[in-house]
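Student: I would like to see how this sequence folds:
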Amino acid sequence: MNLVKSGLLLTGMAGLSLVSCKQTEHPNVILIITDDQGYGDFGLTGNPHVKTPVLDNLARQSIRFNNFYVCPVSAPTRAALMTGRYSLRTGVRDTYNGGAMMASSEVTIAELLKGAGYSTGIFGKWHLGDNYPMRPGDQGFDESVIHLAGGMGQPGDFTTWPRGDSSYYNPVLWQNGRQKDYDGYCSDIFTNEAIRFIDQNKSGPFLCYLSFNAPHTPLQVPQEYYNIYRDLDPSSGFVNDTKPFPVMSEKDKEDARRVYAMVTNIDDNVGRLLNRLEELEITEKTIVIFMTDNGPQQRRYNAGMRGLKSSVYRGGVRVPFWIRYPGTKSTGIDIDATVANIDLFPTLADICNAGIPEGVKIDGISLAPCLRGENLNKDDRSLFFYWTRHSPELYTNIALLKGRYKLVGNTDFNASVDKFELFDIEQDPYEQNNILNDDPARAAELKKDLDLLFADLAGSENLIDRPRIEIGTRHENPVKLNRNDADGQWGIWEQSEIFGFWRVLVNEGRYNLRFKFIEPVPAGGKMMVETGAFINQLKNDKNDTDLIEMKGVSYPSLKCDFVPFYLSGSKRIFPLWVEIERIDI
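Tutor: Okay, the predicted model is just below:
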């Protein structure tokens, strides 16, 4: 078996026989992902400060993919791992601005495994659309306990946003599409719900997607965890480390203390979950996968890699990926293949005997042969990375990795190849030395591949005809439209005077509409709603108010932009959220 020739390099195999792994036709799957936890936020990856004994031990027991890549930001990463396809194919192009809605036509891991007899549950962060037909329950999950939008405390998550500095505590979450009050700290709650789901489905098979929103901002953490790090200088202790290290401001240091505290809380919660598997005696038939969604948001130790979250440099896109496969011995193995989030879908389809539906274009490859000690049969595969706000920008924060070489573009749309950077990742893992002038022919070849792939992705059906929220169905009534899924001016967040809209499909019927504003709008204006070729308007002559209602609005069947605003003089005030209830079904 020549794994080096196939593009794989396996090390640390002493004491482990991969082919002796117990084979279960339909193993349970637990997929754990954390939010904005960087590669350097573990003891195992060289951080002397953060306390992660459970995760470090899980890694030691696991098959560790040491060159695993994701997208630079959250929603694209999640779309890719859910579908095995580059996120742009799915319609996901951003973290908000209406760009974090995944087309309902996409086949998800949950749908795939549910079709193979699995019970499926998600607990934590979804970030792929908060309304029908894009919610977890619409995309294959039997059970869901999630927050809205990209993070708790964000304007799009309007049930936690008003809580401000306490949004991570005692939150209102969404259980199977309905609001429910919870007590406690968010990471503890999501773990409790995951354990409850596992208890109820212990006879299996099940897919449990535990998707922590921590350590994403706001950096709220229980005091007992913060106390572990309150006196720490996170920039100390690296004197003999030759890796590049960022200059940390005092705010960076305080942020690191809070992130480390949140990570240690996650570590304890993962420990609770793994202990429950032992108590239920299902460890040996349960695959446990751990990963993070992108690099760190703040400056701190990141194993010397260049770049943070949102960057296509390795610091933004290289993360841990560990699979504890049933039957493996405690020593684990290291695999230095170039693999990515798009590989998770075909891998689980393979090892769970689910099968990929015909006609679905999958960008990823199955890692199952590798897990079984077989030849992966993939030489020098290419991986594509990008991220810019709202929509892809040609040659801005864009990269192609092929084998050991990586081409990075941070230049103009019509730039020639000499304006790019070329790195030899094998010789220069920290991306410090641009070798483009030394190897212009290779750079030109990679740019050609990049151009072809970008053109293919930019022409994706779900980018051209972007996903829409469906209004007036029995699946979700009323519908609440939130800021995260609103398009319009770039960067819609918590502004009042900004242009925005939602892409919708409206079913013919009569509706009541409610518009909630961040601040009371002044009397004397009028509420305006543009829908395709006509406008409904309602005068407000009574008083200042933050809630306006329109009752008995009749709509034909529409495929349009839903554009609401309160007109006060020259001001056009956009609502925080809109509730649309069909009253004739």
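
Student: Now for Ser211, how many residues are close by?
Tutor: 22 (other C-beta atoms under 10 Å). For glycine as for every other residue, the C-beta is placed from the backbone atoms N, C-alpha and C.

Student: Tell me the spacing between the nearest residue to it once chain neighbours are set aside and Ile282.
Tutor: Closest residue in space to Ser211, ignoring its immediate chain neighbours: Gly124 at 3.7 Å, by C-beta to C-beta, 6 or more residues apart in numbering. Distance, Gly124 to Ile282, using C-beta to C-beta, to the nearest Å: 21 Å.

Student: the more surrounded of these two?
Tutor: Each of Gly124 and Ile282 has its neighbours counted (other C-beta under 10 Å); Gly124 has more, 28 against 19.

Student: which SSE is the more buried one in?
Tutor: strand 119-125 (DSSP states H and E).

Student: Quick one: the helices in the chain, in order.
Tutor: Taking DSSP state H to define them, one finds helices in the chain at 53-61, 74-83, 87-90, 109-114, 186-200, 223-229, 250-280, 314-317, 344-351, 368-371, 440-458, 461-464.

Student: Quick one: these as CSV, columns for distance to Tyr405 too.
Tutor: Converted to CSV, the helices of the chain look like this (distance: least, C-beta to C-beta, whole Å):
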stretch, distance to Tyr405
helix 53-61, 28
helix 74-83, 22
helix 87-90, 23
helix 109-114, 31
helix 186-200, 39
helix 223-229, 39
helix 250-280, 32
helix 314-317, 13
helix 344-351, 25
helix 368-371, 22
helix 440-458, 6
helix 461-464, 28
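
Student: Worst mean pLDDT among those?
Tutor: Note on the helices of the chain: helix 368-371 shows the lowest mean pLDDT, a mean of 85.

Student: counting contacts, what elements does it pack onto?
Tutor: helix 344-351 (3 or more C-beta pairs under 8 Å, 6 or more residues apart in numbering; DSSP states H and E).

Student: contact partners of the helix it packs on?
Tutor: 27, 29, 31, 81-85, 109, 112-113, 287, 289, 354-356, 362, 364-368, 371 (C-beta atoms under 8 Å, 6 or more residues apart in numbering).

Student: From Thr347, how far off is the nearest residue to Asp343 once chain neighbours are set aside?
Tutor: Computed as C-beta to C-beta, 6+ apart, the closest residue to Asp343 that is not its neighbour in sequence is Gly364, at 4.0 Å. Distance of Gly364 to Thr347, computed by C-beta to C-beta: 8 Å.

Student: hey, what's Arg64 bridged with?
Tutor: Here Arg64 sits in beta bridges with Trp322, Asp334, going by DSSP bridges.

Student: pretty sure it contacts Arg324?
Tutor: No: if you go by C-beta atoms under 8 Å, Arg64 and Arg324 don't touch, sitting 10.1 Å apart.

Student: what about Leu348, neighbour count?
Tutor: For Leu348, using other C-beta under 10 Å, the count is 26.

Student: Pull the contacting residues for the residue nearest to Asn543 when sequence neighbours are not counted.
Tutor: Leaving aside its sequence neighbours, Asn543 sits nearest to Ala523 (C-beta to C-beta, 6+ apart; 5.2 Å). The contact partners of Ala523, taken as C-beta under 8 Å, 6+ apart, are 540-545.

Student: Kindly report the same for Lys516.
Tutor: 158, 546-547, 575-579.

Student: now do 6 Å
Tutor: Neighbouring residues of Lys516 by C-beta atoms under 6 Å, 6 or more residues apart in numbering: 547, 575-577.

Student: same question, Leu31
Tutor: Per C-beta under 6 Å, 6+ apart, neighbours of Leu31: 209, 289.

Student: Please tell me how far it sits from Phe65.
Tutor: Taking C-beta to C-beta, one finds Leu31 at 14 Å from Phe65.

Student: Quick one: the strands in the stretch 401-550 of the chain, in order.
Tutor: 405-410, 421-424, 469-471, 479-481, 487-488, 500-506, 509-521, 525-531, 534-540, 545-555 (DSSP state E, counting those that start in this stretch).
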